[in-house]
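After the sequence you'll find the predicted model.
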Amino acid sequence: SEIEEKVDYRLEDLRKTANIPGFRPGKVPTALLKKRFGKNVMGEVLEQAVSESSRQAIEDNTLRPAMQPNIEITKFEEGEDLEYKMAVEIMPDIEPMDFSKIEVERLVAKADEKEVSETIDRLAQQYRNSEPIKRARKARKNDVIVIDFKGTIDGEAFDGGSAEGHHLELGSNQFIPGFEDQLIGAKAGESLSVPVTFPEDYSAETLAGKEALFEVEVKEIREMVNTVVDDEFAKTLGQESLEDLQKSIAERLEQDYASLSRERLKRELLDILENEHEFEVPPGMVDSEFDSIWAQVEETRRQQEAGEAEVDEEEEGISDDELKEDYRKISTRRVQLGLLLTEVGNSNNVEVTAEEVNRALMTEAQK
C-alpha cells in the first residue's frame, strides 16, 4: 500500500508537466500515465523505498555500518509487499590501549660542515658553464661540442632527428647509445657519419630497434669550467652571501633528517598499535583498499611498459599471487590502523582546522 501510494503521488506530479499529444498539461488520464511512465516511476519508488527502509532498519538496530549495505530483493509483484535481504558489514568494537605505556625513540641528527660543503660542491657542479677551448685539439670525454646533425633511416629523415647548434656534453648519455662515443676524438670543423641502432625499448615505437645514420658537423669544442664557490655564486641561488647559503643548506638538511626521523618514529608507533590491538576488520573495507592498491600497481606497470616509469627491481621475479598476498596484508593493516585512529579521533573530539589543512598542503607543495 505504501508503494502504491508513492507511485500515485509521483504520477500526479508528472501529470502537471507531462507533454503528451492530444492532451493539455494536467489533463492526461492516469491509465495513460501509468502505461507511458509506470516502469520508470516504479523503479524510482522502489529505490527510494529500499533506501529509506534500510536506513531505518540500521537506526532501529543501532548498527554502525562500515560500508553501503548489500541489498537483494527477494520478492516483489505489483500490488504485493516488497521484501528484500540486507547484509551489512558493521564497524568493530575497538577498545584503545593505554597509550601512556607506549615508549618510542626519536632520532635527532645535525648537519655537519662536511655535509654542507659536499652539498654546495654538488650544486656548483650542476651550475658549471663551458667556454671555448684555448688551443685546438680533439674532443675529449666531458667536453661540450656544438654540432649540427641530421639523422636518416633507410635514407629518409625522421621527426626529432635533426638540429643545429646543439650543445652536447660527451659522456652525458643524452643521446642514443654509441652516438657520443663516436664523437670523442673529433675536431672542430670536421664532418662525420655516425651510425647507431635505436634500443629495442626506445620510447618512440616507430624508431625502436632501427638502424639510423647521422651526418654530423662539429662546429665548436668547449670545455667545462668549474664554478667558483663564493658570494656571487650564492647570489645566483637567491642568497645574499656564501654564509647565508651555508646556513640555508644546513637548515634544509636538518629538515630532511627531521622528516626521516618522523617517518621512522611513525612507523615504530604504528607497529606497536598494530601489535597491541586485535579486532576483526570488515572484509569489504579490506577488499576496497586492496582494489585501490592493485589498481595503482597495474597503472605503474602500464607506465613502465610505456617507458614513463622505472621498473621496481624488488618486484622482479615475484608472481602476481605472491604480490597480491603481500598487498592484502598491507590492506588489512591500513584498514585496522585507520579504524583505530578514527576511534581515537572521535573519542577525543579531534578536529582538523582549515589552517592545519592549508599548512599540510603547503608542505606537500614544497616537496
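Everything's here; your move.

check contacts around residue 333.
Neighbour list for residue 333: residue 274 [criterion: CB atoms under 8 Å, 6 or more residues apart in numbering]. Backbone N, C-alpha and C define where each C-beta goes, glycine included.

Count the neighbours of residue 96 for me.
Using other CB atoms under 10 Å, residue 96 has 14 neighbouring residues.

Now it, what are its backbone angles?
phi -60, psi 140 (degrees, to the nearest 10).

quick one: the nearest residue to it once chain neighbours are set aside and residue 23, what's the gap?
Nearest residue to residue 96 in three dimensions, chain neighbours excluded: residue 344, at 5.7 Å (CB to CB, 6 or more residues apart in numbering). Taking CB to CB, to the nearest Å as the measure, residue 344 falls 63 Å from residue 23.

Residue 263 now?
For residue 263, the distance to residue 23 equals 70 Å [CB to CB].

Between these two, tell me which one has more neighbours.
Neighbour totals were compared for residue 263 and residue 23, and residue 23 leads with 14 against 10 (other CB under 10 Å).

count of residues packed around the residue nearest to residue 4 when sequence neighbours are not counted?
Spatially, and ignoring its direct neighbours in sequence, residue 4 is nearest to residue 79 (7.5 Å; CB to CB, 6+ apart). Residue 79 has 7 neighbours, counted by other CB under 10 Å.

is it fair to say residue 79 lies in a helix?
No - Residue 79 is assigned coil when assessed by DSSP: H, G, I helix; E, B strand; the rest coil, not a helix.

That one contacts residue 1, doesn't it?
No - with contact defined as CB atoms under 8 Å, residue 79 and residue 1 do not form a contacting pair (9.6 Å).

Phi, psi for residue 245 please.
phi -60, psi -40.

isn't residue 147 right up against residue 216?
Yes - at 5.5 Å, residue 147 counts as touching residue 216 under the criterion of CB under 8 Å.

quick one: common contacting residues for the two?
residue 183.

Output stretch 1-21 in CSV, but only the C-alpha positions, please.
Output in CSV follows, covering the C-alpha atoms of stretch 1-21 (Å, rounded to 0.1, in the frame of the first residue of the first chain):
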residue,chain,number,x,y,z
SER,A,1,0.0,0.0,0.0
GLU,A,2,2.9,2.4,0.7
ILE,A,3,4.4,1.7,-2.7
GLU,A,4,1.1,2.2,-4.5
GLU,A,5,0.6,5.5,-2.6
LYS,A,6,4.1,6.7,-3.6
VAL,A,7,3.5,5.7,-7.3
ASP,A,8,0.2,7.5,-7.4
TYR,A,9,1.8,10.6,-5.8
ARG,A,10,4.6,10.6,-8.3
LEU,A,11,2.2,10.1,-11.3
GLU,A,12,0.2,13.1,-10.1
ASP,A,13,3.4,15.1,-10.1
LEU,A,14,4.1,14.0,-13.7
ARG,A,15,0.5,14.8,-14.8
LYS,A,16,1.3,18.6,-14.2
THR,A,17,4.2,18.6,-16.6
ALA,A,18,3.7,15.6,-18.9
ASN,A,19,3.6,16.7,-22.6
ILE,A,20,1.5,14.1,-24.5
PRO,A,21,0.0,14.9,-27.9
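
how far does it sit from the chain's center?
48 Å (CA atoms, centre = their mean, to the nearest Å).

Show me which residues of that stretch are buried.
Going by neighbour count (16 or more other CB atoms under 10 Å), the buried part of stretch 1-21 is 3, 6, 7, 10, 11, 15, 18.

Which members of those residues occur in helices, if any?
3, 6, 7, 10, 11, 15 (DSSP state H).

if we can go back for a sec, which SSE is immediately downstream of the helix or strand containing the residue nearest to residue 96?
Using DSSP states H and E, residue 344 sits in helix 320-347. Sequence-wise, the next helix or strand downstream of helix 320-347 (DSSP H and E) is helix 354-366.

Average pLDDT for that following helix, rounded please.
In this model, helix 354-366 carries a mean pLDDT of 93.

which other helices and strands contact it?
Using 3 or more CB pairs under 8 Å, 6 or more residues apart in numbering; DSSP states H and E, no helix or strand is in contact with helix 354-366.

how about residue 280, what does it touch?
Going by CB under 8 Å, 6+ apart, residue 280 touches residue 92.

gap between it and residue 166?
For residue 280, the distance to residue 166 - CB to CB - is 64 Å.

And for residue 189?
Going from residue 189 to residue 166 by CB to CB gives 16 Å.

swap in residue 283?
Residue 283 is 59 Å from residue 166, by CB to CB.

circling back to that earlier point, count the residues that sit near the residue nearest to residue 96.
Residue 344 has 14 neighbouring residues, counting by other CB under 10 Å.
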